[in-house]
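**Student:** using only what follows, build the 3D model:
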Amino acid sequence: MATEFAADRGVACQLGARRTLNWAKRLNSVTLEGGRASVGPKATRGALYIGGGTDVMAATPLTSYKEDVTVRLLTTFKRLLSEGTLISGSRLPAERELADKFHVSRSSLRQALKVLEIIGVISQRVGDGTYVNDGTSSLLCEPLEFLILLSGISFDELIEARIIVEPELAARAASRASVRERTALRHEMQAMKQNAENHDLLSQHDLEFHKIIFNAAGSRVCGMLFTVVHQSFHKLIEFTSQMVSVHHTLAFHQRIYTAIVQGNAAEARKRMTEHLLDVRDLLSRAHQQQESSRLENRISELVVGPPRHRKKKHQN
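**Tutor:** As a prediction, the model looks like this:
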């Protein structure tokens, strides 16, 4: 009798343990240590820990199953980057190994890696593997640029931000620019003059001119942010800016360049402020001219009517 009771109680305990384990798995709160599952203070709800080793990437907490797997993986990658587990130039483990470490399917992993590649965080090299890019990847600027463009931020708001920050960056560049940076600045100044009639090339060299100033100022944060602000600004005013006198704008760039290469911080600050205020005024007038032209065309259509096109006779 006692033996049968003990056996029954053992079976019940095993069934109870299985139910507890299955319940814990559903809550995603199981700790696996040395190949053994346990529910304890370490296993908190919403976190999965893989123990039994020193691999930091293997000890990655994953959030609720309800959360999108791709978002979950992107969040994990960001954490690994912020902790320094992944750094620029790091080679990621093979796809199968990564999928096992993160406990996701390989298709979900591929989707997350593709997103990271599109935004410029990683590069997948055929036959060589997947590597973490450095911060100079131009693709990394794209998400912030889209954010600015999709937020409906006007060129007035962008130019205001530039007026607040860029004069100080120019002043710092005058004090800190290296010989190499001053040479690069001169090269871009000459390129702008040589391509004054080519709007696309002029815009490209104008952006490089300002990027050199941002980097020479010694603030990488401002350099990254205002490179994106400058690019977004150019996209917003792409058509309007063609109405602005190129030679007029180049004269301001020349004054900024001269102040920086001479190491005159106060003059560089002053010239950059003048340049940006001038850009704001010129674009405001150009915008008013565009609106006036649209209004005149609309009035003309209302009075005279839209232009009529003769119908072409069909040939038999």
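**Student:** got the residue ranges for the strands in the stretch 151-300 of the chain?
**Tutor:** For the stretch 151-300 of the chain, no strands are identified by DSSP state E, counting those that start in this stretch.
**Student:** and the stretch 1-150 of the chain, by the same measure?
**Tutor:** Using DSSP E, counting those that start in this stretch, strands in the stretch 1-150 of the chain cover 31-33, 36-38, 49-50, 122-125, 129-132.
**Student:** now the shortest one: average pLDDT?
**Tutor:** On average, the pLDDT along strand 49-50 is 32.
**Student:** same thing with stretch 202-210?
**Tutor:** 90.
**Student:** now do that stretch: everything it contacts.
**Tutor:** 166, 185, 188-189, 191-192, 195-196, 226-227, 230-231, 234, 241, 246, 253, 257 (CB atoms under 8 Å, 6 or more residues apart in numbering). In this view, the C-beta of every residue, glycine as well, is placed from N, C-alpha and C.
**Student:** got any ranges where the stretch 1-150 of the chain has weak pLDDT?
**Tutor:** 1-67, 135-141 (pLDDT under 70).
**Student:** meant to ask about the stretch 201-316 of the chain
**Tutor:** Applying pLDDT under 70 to the stretch 201-316 of the chain flags residues 236-245, 287, 289-316.
**Student:** can you give me the helices in it?
**Tutor:** 220-236, 246-261, 265-304 (DSSP state H, counting those that start in this stretch).
**Student:** could you dump those helices to JSON lines with mean neighbour count and distance to Leu116?
**Tutor:** Output for those, formatted as JSON lines (neighbours: other CB atoms under 10 Å; distance: least, CB to CB, whole Å):
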{"stretch": "helix 220-236", "mean neighbour count": "18", "distance to Leu116": "18"}
{"stretch": "helix 246-261", "mean neighbour count": "18", "distance to Leu116": "37"}
{"stretch": "helix 265-304", "mean neighbour count": "15", "distance to Leu116": "36"}
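**Student:** same list, those, but as TSV with distance to Asn133 please.
**Tutor:** Below are the helices of the stretch 201-316 of the chain laid out as TSV (distance: least, CB to CB, whole Å):
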stretch	distance to Asn133
helix 220-236	14
helix 246-261	30
helix 265-304	31
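**Student:** do you know how far Arg162 is from Arg106?
**Tutor:** From Arg162 across to Arg106, the span is 45 Å (CB to CB, to the nearest Å).
**Student:** which one of the two has more residues nearby?
**Tutor:** It is Arg162, of Arg162 and Arg106, that has more neighbours when counted by other CB atoms under 10 Å, with 22 against 12.
**Student:** mind listing what's buried in stretch 167-177?
**Tutor:** 167-174, 176-177 (16 or more other CB atoms under 10 Å).
**Student:** which of these lies closest to Ala286?
**Tutor:** Pro167 (22.8 Å; CB to CB).
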